[in-house]
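[1] Quick one: sequence and predicted model below, then my questions.
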Amino acid sequence: MSIGQTGFEFPESQRRPLSALTNEFVAALAAPGFARLLAALDTIQMTQAGRAVVPVLVKALTSDDQLVRRKAVLALGELGPQAAAATEAIVRATDDPDELVQSGALAALGQIAADSEESARAFVAALTHAAASVRQAAATALAQIGACDEPVIAALLKALDDVDDHVSLAAAEAVLQCVPEHAALLSAVVRHLANKNAVVRRRAAGIAADLGTSAAGAVPSLAHALADADPYVQLEAAEALSRVGPKAAAAVAALVVALNDENELVREQAATALGEIGPAAATAVPALLASLKEHGGVSTRAAVALAQIGADTNQVLTALVVTMKNSDPASVWAVIAAVRRLHGAPAIVELLSEMLHDPDAVVRRQAASAVGQLGADAQPALPRLASLLHDDHDFVRRQAAYALGQIGPAAIDSAAAIDSAGSITALAGAVSDPDPGVRLEAIQALGSFGPHARPAVMTLLGALRDPLV
């Protein structure tokens, strides 16, 4: 099919000859302000003709008009890798007498991903520039590129102590790409977590989160940040503690306090962090149990955390019921996985077997779904699962039949156990269920048992007359 047949047409500006587009770009560089330049850039990028205007931009870098030079470095950066041929000229522009051109040139090198020896020298030199904006542009570009040559790393480590907080943070983000385990990086993060500026504290906590377990040395500072006046700092700090994991045990008390924070997202993240800390967060169990009374994300995260910590069976059962009532399959399986990891498959099968008789029909259905996905491990739950085929709710009966079909193939070598559990007999009875959905699931489940379902053949033959299945 041609473009014309689709009814789509390119805008007039994109159908113009390339020379006309280039001329428009030249005019935009000379025009007042940046609006016309940005519009021309949009058009050039949409036509993938960026390389065609690079010579024009390189020439503009030598203009006597500093505004034209500023526009040129901005445009080259926006073109990204399409402007790679201009790298040498942009490196020269990092020595421009105008600070904005210098900063723009450094930013452009980062956007182009210019990882050459010449650009590295330019970055290293710029990190000691008198203007903080230039130093910050250099560090930010290095973080984008991920340049990790020895001279670059040495310059970045020095920049961690820059008097300008934003330069120091940009350097920290660049160091993170190369030597995340370096002690100087962690020291800078800890220092910035105590900064008076909330934006600085927020960025520092974010870097701590990116450090993962390498941020273990910052746990006391991150624990203190949980009570920060800025909720974004709190969230980043809790996320960082989550990623530190068991080594963040010293923050348990502060995380318990955060479970009562006025911000729901902070409470959620605090519960998540406690779960990631695991058994070392056992003192948080009472607070997490209290959090189960909340609605939505907080109770779900608390439930998962209780399972990860390894709370006793009754507590985990309560937590699992909460996640099922919240209809959150991902969290249900997070709880199941945690219990299975800590206590083995029999423990989770026992828990789910109890839940198959829960007073709440939604919980029974969720439990049946979970049992089915456990496969052969779920054999001990088969009698209770089969009994759900007589449940008052059709959606529970449907799920029970489907789950029996899932377990059947997985346990096919244990036919005697399956038959003694009454699964096939129960499924045969469900073929005459008043709900067509249950009937269909029962028929499909019997099929999954293969030859072991021979006792149900006559029942299945009768089902051939059912117009709905």
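    Perfect, I can see it now. These numbers were taken from a predicted model, which means no experiment stands behind them. Numbering: from 1, shown residues only.

[2] In the stretch 351-469 of the chain, where is pLDDT below threshold?
    Along the stretch 351-469 of the chain, the model assigns pLDDT under 70 to residues 409-421, 468-469.

[3] Ok, the stretch 201-350 of the chain next?
    For the stretch 201-350 of the chain, the stretches flagged by pLDDT under 70 are 311, 313, 326-328.

[4] Now with 80, please.
    For the stretch 201-350 of the chain, the stretches with pLDDT under 80 are 295-296, 310-344.

[5] cool, and the stretch 51-200 of the chain?
    If you take pLDDT under 80 as the line, the stretch 51-200 of the chain has these spans: 114-116.

[6] from what I can see residue 211 touches residue 177, true?
    No: in this structure, residue 211 is not within contact of residue 177 by Cβ atoms under 8 Å, at 11.7 Å. Bear in mind the C-beta positions are built from the backbone N, C-alpha and C, glycine included.

[7] Which one of those two is surrounded by more residues?
    The residue with more neighbours, out of residue 211 and residue 177, is residue 211; 22 against 17, by other Cβ atoms under 10 Å.

[8] Tell me the first helix or strand C-terminal of the strand or helix carrying the more buried one.
    Secondary structure assignment for residue 211, by DSSP states H and E: helix 198-211. Using DSSP H and E, the helix or strand that follows helix 198-211 in sequence is helix 219-225.

[9] Packing partners of that next one?
    The elements that helix 219-225 packs onto, with contact taken as 3 or more Cβ pairs under 8 Å, 6 or more residues apart in numbering; DSSP states H and E, are helix 183-193, helix 198-211, helix 231-244, helix 252-258.

[10] residues in contact with that helix?
    Residues outside helix 219-225 that contact it (Cβ atoms under 8 Å, 6 or more residues apart in numbering): 189-190, 193-194, 201, 205, 208, 215, 233-234, 236-237, 240-241, 244, 247-248, 250-251, 253-255.

[11] So the closest residue to residue 456 other than its chain neighbours versus residue 402, what's the distance?
    Nearest non-adjacent residue to residue 456, counting by Cβ to Cβ, 6 or more residues apart in numbering: residue 428, 4.0 Å away. Separation of residue 428 from residue 402 (Cβ to Cβ, to the nearest Å): 16 Å.

[12] if I pick residue 280, what's in contact with it?
    The contact partners of residue 280, by Cβ under 8 Å, 6+ apart, come to 246, 249, 252.

[13] Let's verify the residue lying closest to residue 281 once chain neighbours are set aside: helix, strand, or coil?
    Closest residue to residue 281 apart from its sequence neighbours, by Cβ to Cβ, 6+ apart: residue 274 at 4.5 Å. Following DSSP: H, G, I helix; E, B strand; the rest coil, residue 274 is assigned to helix.

[14] how close does residue 274 get to residue 262?
    Taking Cβ to Cβ as the measure, residue 274 and residue 262 are separated by 18 Å.

[15] Show me which of the two is the more surrounded one.
    Using other Cβ under 10 Å, the more surrounded residue of residue 274 and residue 262 is residue 274, with 35 against 7.

[16] list the contacts for that one?
    Counting by Cβ under 8 Å, 6+ apart, residue 274 touches 252, 255, 256, 259, 281, 284, 288, 305, 309.

[17] got it, and residue 130?
    With Cβ under 8 Å, 6+ apart, residue 130 has no contacts at all.

[18] Look at it and give its secondary structure.
    Secondary structure of residue 130, per three-state DSSP, is coil.

[19] wait, what's in contact with the residue nearest to residue 456?
    Listed by Cβ under 8 Å, 6+ apart, the contact set of residue 428 reads 442, 446, 455, 456, 459.

[20] Out of the residues you listed, give me the one that has the most neighbours.
    The residue in these with the most neighbours, by other Cβ under 10 Å, is residue 442 (31 neighbours).

[21] what comes into contact with stretch 331-347?
    Residues outside stretch 331-347 that contact it (Cβ under 8 Å, 6+ apart): 275, 300-301, 303-304, 306-308, 310, 313, 316, 319-320, 323-324, 348, 351-352, 366, 370, 374, 377, 380.

[22] ok, now with 7 Å
    Stretch 331-347 is contacted from outside by 300, 303-304, 307-308, 310, 316, 319-320, 323-324, 348, 351, 366, 370, 377, using Cβ atoms under 7 Å, 6 or more residues apart in numbering.

[23] Stretch 242-262 now?
    Contacts for stretch 242-262 (Cβ under 7 Å, 6+ apart): 209, 212-213, 215-216, 219-220, 222-223, 226, 234, 238, 241, 266-267, 270-274, 276-278, 280-281, 283-284, 287, 291.

[24] Which residue, other than its chain neighbours, is closest to residue 369?
    residue 399 (5.5 Å).

[25] how close does that neighbour sit to residue 330?
    Look at residue 399 and residue 330: by Cβ to Cβ, they are 18 Å apart.

[26] And those two? Which one has more around it.
    A side-by-side neighbour count of residue 399 and residue 330, using other Cβ under 10 Å, places residue 399 first with 25 against 9.

[27] Packing partners of the host helix or strand of that one?
    Following DSSP H and E, one finds residue 399 within helix 394-410. The helices and strands touching helix 394-410, judged by 3 or more Cβ pairs under 7 Å, 6 or more residues apart in numbering; DSSP states H and E, are helix 361-373, helix 382-387, helix 423-430, helix 436-448.

[28] how about these in CSV, adding distance to residue 26?
    Below are the helices and strands packed on helix 394-410 laid out as CSV (distance: least, Cβ to Cβ, whole Å):
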stretch, distance to residue 26
helix 361-373, 64
helix 382-387, 75
helix 423-430, 77
helix 436-448, 69
